[in-house]
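Enquirer: Predicted model follows, preceded by the sequence.
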Amino acid sequence: MASVKRVEKKNGQVVYRIRVSLGEDKSGKQIVKVSTYTVKQTATPKQQEREANQYAMALEDRLKNGESYEGEEMSFEDYAEKWLANAKTELAYSTYESYTHIINDVILPHFKTYKVARIRTPNIEIFYKSLMGRYSNGSIRKIANVMSGMFRTAVRWQMIQINPCRDAKVPKNDEEEPQLKFFTPEQSLMFLETLNTRFYRKVRGHQRIDDTGKPYNVADYQEPYQTSTQLIVFYTLSLYCGFRKGETLALHWSDIDFEKREIHISKSVGMSEDGIVLKKPKTATSVRTVSFPAAIVPLLKQYRQEYNIYRLSTGDKWQGNGNLFIQWNGKIMDRSTPYHYFKHHIEFVNKWIKEHEGEAKERGFEELPTIPLHGLRHSCATLLNYLDINLIDISKILGHAKSSTTMDIYAHSFEKQNKEAANKIDDFLEQSAGKAV
């Protein structure tokens, strides 16, 4: 049985020295493992003794079963492997993949040879400082969150007493904190207009090979460029309804009520080792029903007609299950497709505007800002606020648990609309003053 000895340090802190005998090695030398355990300092002596004995029993069981989780002995590299194996059962697969990348490519190269219990707060801060200039402030915060999560688990597994990340200062690069990127209401409408526009792009002359293997030259020609109906639907719903990418990709035709003009959000797209899977939305309040404008009903019906015609044309190759957004065989559209086309479309439109200034001006087209795909959700919130939709309703549409969350996220993007509201008050007061005179 493990022996437990109470020790009071000079500073008054109470710890327990625990010795566990594990028999003898091949040379007859006794194998003893010693561990120091810090008990809760505000507890009574009896409570401290009980706590230490419980830890000692758990430690002895682990050691005798050949499973050592001693922070003094385990390398950070070995611990990272155990932590990831445990995290894999608790995290969404995409999150697990992201954490694996951060740990293997960023954290391990620095802490690989350290023992877990030998990593102190100054070591953490030196590591954080080494990230400056190589990573953005947001990326450094994410890396710090992963580190802190790993050490919280080490505390829970009783490998260490204190999380060294708890008091570590996370530095910031001397750069302006990135703000939300979104379209203004005017830019949102223009973006949708570009999706519905048939452009032409010049293709330079080049050489081709005919069926007989002989080369021949092709002169310059104009090639049409137009967004597919299903992607127009994807971006339109993202912009008018504020859906997250995973929520939009997970939509099925059965989720749309054309009579009530409502879309029910009950699932999202995630990743597993086997590929794309459907999962629950981000939060409980993300399960919601959102109304859509009557103006997009014709677009949805047009897409449903094209969808059904295409489904019949694929015959027995069709593998869809009523999902709106598809690959060539009816399976759910790949998660990266909407992003890649969105990025390409903005680049194409901005290039076309530069090359066709006169025509662009006639159409009312101006260069669009480069925003992430998730920026369409931010653009939706900005548009709703511009249309004087109250904050609580915007929060419900976006699926936020609290309206304060909506305000925290979109305070900056609402600033312009708030100034316009203040100007309206000024106008009102001026009119009122004029009437009083």
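Expert: The structure has been received and is ready for your questions. For clarity, every value in this text was computed on a predicted model and none was experimentally measured.

Enquirer: Please enumerate the strands of the stretch 251-400 of the chain.
Expert: Per DSSP state E, counting those that start in this stretch, the stretch 251-400 of the chain carries strands over the ranges 256-257, 262-265, 268-272, 275-279, 288-291.

Enquirer: Give me the most central residue, the protein.
Expert: Among the residues of the chain, the one closest to the centroid is residue 95, at 8.0 Å (CA atoms, centre = their mean).

Enquirer: if we can go back for a sec, to residue 299, which of the strands of the stretch 251-400 of the chain lies closest?
Expert: strand 256-257 (11.9 Å; CB to CB). Any C-beta I mention is one placed from the backbone N, CA and C, and that applies to glycine too.

Enquirer: partner strands of that closest one, parallel or antiparallel?
Expert: Using DSSP bridges, the strands paired with strand 256-257 in its sheet are strand 262-265 (antiparallel).

Enquirer: pLDDT averaged over the strand it pairs with, what's the number?
Expert: The average of the pLDDT scores along strand 262-265 is 96.

Enquirer: Run through the protein and note the low-pLDDT ranges.
Expert: 65-71, 175-178, 411-437 (pLDDT under 70).

Enquirer: How is it divided into domains?
Expert: Split into domains by automatic domain parsing, the chain comes to 3-64, 76-156, 185-418.

Enquirer: Show me the one of these that comes nearest residue 172.
Expert: With CB to CB as the criterion, residue 172 lies closest to domain 76-156 of the domains of the chain, at 5.1 Å.

Enquirer: gap between the two ends of the closest one?
Expert: One end of domain 76-156 to the other measures 16 Å (CA to CA, to the nearest Å).

Enquirer: did I read that right, the residue nearest to the centre of the chain in a helix?
Expert: Yes - under DSSP: H, G, I helix; E, B strand; the rest coil, residue 95 sits within a helix.

Enquirer: Name the residues of the host helix or strand of residue 78 that are buried.
Expert: According to DSSP states H and E, residue 78 maps onto helix 76-87. Judged by neighbour count (16 or more other CB atoms under 10 Å), helix 76-87 contains these buried residues: 76, 79-80, 83-84, 87.

Enquirer: next one: stretch 156-176
Expert: For stretch 156-176, using 16+ other CB under 10 Å, the buried residues are 157-160, 163-165, 168, 170.

Enquirer: Please identify which two of those are farthest apart in space.
Expert: 158 and 170 (26.2 Å).

Enquirer: Put the alpha carbons of stretch 174-189 into PDB.
Expert: Provided in PDB are the C-alpha atoms of stretch 174-189 (Å, rounded to 0.1, in the frame of the first residue of the first chain):
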ATOM      1  CA  ASP A 174       1.800  45.500 -33.300                       C
ATOM      2  CA  GLU A 175      -1.100  45.400 -35.700                       C
ATOM      3  CA  GLU A 176      -4.600  46.600 -35.800                       C
ATOM      4  CA  GLU A 177      -7.000  43.900 -34.600                       C
ATOM      5  CA  PRO A 178      -8.900  42.500 -37.600                       C
ATOM      6  CA  GLN A 179     -12.500  43.700 -37.900                       C
ATOM      7  CA  LEU A 180     -15.400  41.700 -39.300                       C
ATOM      8  CA  LYS A 181     -15.400  41.700 -43.100                       C
ATOM      9  CA  PHE A 182     -18.800  42.000 -44.700                       C
ATOM     10  CA  PHE A 183     -20.700  43.700 -47.600                       C
ATOM     11  CA  THR A 184     -22.600  46.900 -47.000                       C
ATOM     12  CA  PRO A 185     -26.300  46.600 -48.000                       C
ATOM     13  CA  GLU A 186     -25.500  48.300 -51.300                       C
ATOM     14  CA  GLN A 187     -22.600  45.900 -52.000                       C
ATOM     15  CA  SER A 188     -24.800  42.900 -51.000                       C
ATOM     16  CA  LEU A 189     -27.300  43.800 -53.700                       C
END
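
Enquirer: now residue 108, what's its secondary structure?
Expert: Here residue 108 is recorded as helix under three-state DSSP.

Enquirer: Could you report the neighbour count for it?
Expert: 15 (other CB atoms under 10 Å).

Enquirer: What of the one 5 residues further on?
Expert: The burial metric for residue 113, expressed as a neighbour count using other CB under 10 Å, is 10.

Enquirer: and if you look at the one 4 residues further on?
Expert: As a burial measure, the neighbour count of residue 117 was computed by other CB under 10 Å and equals 19.

Enquirer: how far away is it from residue 205?
Expert: According to CB to CB, to the nearest Å, residue 117 and residue 205 sit 68 Å apart.

Enquirer: again, but for residue 369
Expert: Distance from residue 369 to residue 205, by CB to CB: 34 Å.

Enquirer: With residue 92 instead?
Expert: If you go by CB to CB, the gap between residue 92 and residue 205 works out to 49 Å.

Enquirer: the more surrounded of those two?
Expert: Neighbours of residue 92 and residue 205, each counted by other CB under 10 Å, are more numerous for residue 92; the result is 15 against 9.

Enquirer: Enumerate every residue touching the closest residue to the more buried one other than its chain neighbours.
Expert: Nearest residue to residue 92 in three dimensions, chain neighbours excluded: residue 270, at 5.5 Å (CB to CB, 6 or more residues apart in numbering). Shown in contact with residue 270 (CB atoms under 8 Å, 6 or more residues apart in numbering): 92-94, 246, 276-279.

Enquirer: Look up which residues are beta-bridged to residue 270.
Expert: What pairs with residue 270, by the bridge criterion (DSSP bridges), is residue 277.

Enquirer: circling back: and of the strands of the stretch 251-400 of the chain, who's closest to residue 25?
Expert: strand 268-272 (44.9 Å).

Enquirer: residues of that closest one that come out buried?
Expert: 268-271.

Enquirer: Between strand 275-279 and it, find me the angle.
Expert: Angle, strand 268-272 to strand 275-279, by axes from the mean of the first three to the mean of the last three CA atoms, to 10 degrees: 140 degrees.
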